[in-house]
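>>> requesting a structural model of the entry that follows:
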Amino acid sequence: MLRAMSELVLHHTFRAPIDRVWARIDDHAGMSAWIGAPVRVRGDGAVGTVRTIGAGLTFDETIVEREAPHRLVYRITRGVPVTHRGEITLTERAPGTTELRWTITMTSRIPLFVPVLTRVLRLSLTRALAKLARLVEAG
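Residues are numbered from 1 along each chain as shown. Next up, the predicted model:
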């Protein structure tokens with residue numbers, strides 16, 4: 001069966017130390033302040049924690065790897081017809097400057113779903129990263 005596939009890579013440089021950026025990335029319940037949707041959390045933030053994101057159309061993301069303060073990997077495990085893996089990597093570039101790389105890979109058996117979802121995610125996550133920057137850079 002034919003599958004559509006996409007990789008989305010976002011970059012953002014924060015004028016904030018890595019620990020402050022990580023604290024926001026790793027605060028799953030607090031994600032709603034910057035992600036633009038309600039977030040419910042089941043778990044303590046460790047591997048296996050499930051984040052339910054959205055209202056109306058909701059989906060679950062399960063944390064599958066966590067290496068504080070540098071790397072968080074999750075998969076969508078319920079709610080949308082796509083295989084989705086997200087990886088957020090933080091690197092301190094200079095004192096008080098942190099680079100984020102967010103890589104999302106997706107596949108689906110619905111041919112047009114992945115290209116449309118990729119465009120929507122690029123727009124919404126770019127906005128989310130701008131909100132996150134305001135939060136972490138404010139202190």
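>>> give me the below-cutoff pLDDT ranges for this structure.
Applying pLDDT under 70 to the chain flags residues 1-2.
>>> ok, 90 please
Across the chain, residues meeting the criterion (pLDDT under 90) sit at 1-4, 55-57, 80-81, 94, 109-114, 117, 139.
>>> how many neighbours does residue 76 have?
20 (other C-beta atoms under 10 Å). The way it works is simple: take the backbone N, C-alpha and C, and place the C-beta from them, glycine included.
>>> before we move on, what SS does it have?
At residue 76 the chain is in strand, as set by DSSP: H, G, I helix; E, B strand; the rest coil.
>>> so it versus residue 83, what's the distance?
Distance of residue 76 to residue 83, computed by C-beta to C-beta, to the nearest Å: 8 Å.
>>> for residue 74, same thing?
Counting by C-beta to C-beta, the separation of residue 74 from residue 83 is 13 Å.
>>> out of those two, which sits in the busier spot?
A count of neighbours by other C-beta under 10 Å puts residue 74 above the other of residue 74 and residue 83, at 23 against 15.
>>> which residue, other than its chain neighbours, is closest to the more buried one?
Excluding the flanking residues, the one nearest residue 74 by C-beta to C-beta, 6 or more residues apart in numbering is residue 61, at 4.5 Å.
>>> what segments of the chain are helices?
For the chain, the helices defined by DSSP state H cover 18-25, 32-35, 113-138.
>>> adding mean neighbour count, write those helices out as TSV.
Output for those, formatted as TSV (neighbours: other C-beta atoms under 10 Å):
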stretch	mean neighbour count
helix 18-25	18
helix 32-35	16
helix 113-138	15
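>>> any idea which of those gets closest to residue 5?
When these are compared by C-beta to C-beta, helix 113-138 sits nearest residue 5, at 6.6 Å.
>>> for the closest one, packing partners?
Counting contacts by 3 or more C-beta pairs under 8 Å, 6 or more residues apart in numbering; DSSP states H and E, helix 113-138 packs against strand 4-14, helix 18-25, helix 32-35, strand 97-108.
>>> just give me how far that helix sits from the chain centre.
Offset of helix 113-138 from its chain centre (C-alpha atoms, centre = their mean, to the nearest Å): 9 Å.
>>> now that helix and strand 4-14, what's the angle there?
Counting by axes from the mean of the first three to the mean of the last three C-alpha atoms, to 10 degrees, helix 113-138 lies at 10 degrees to strand 4-14.
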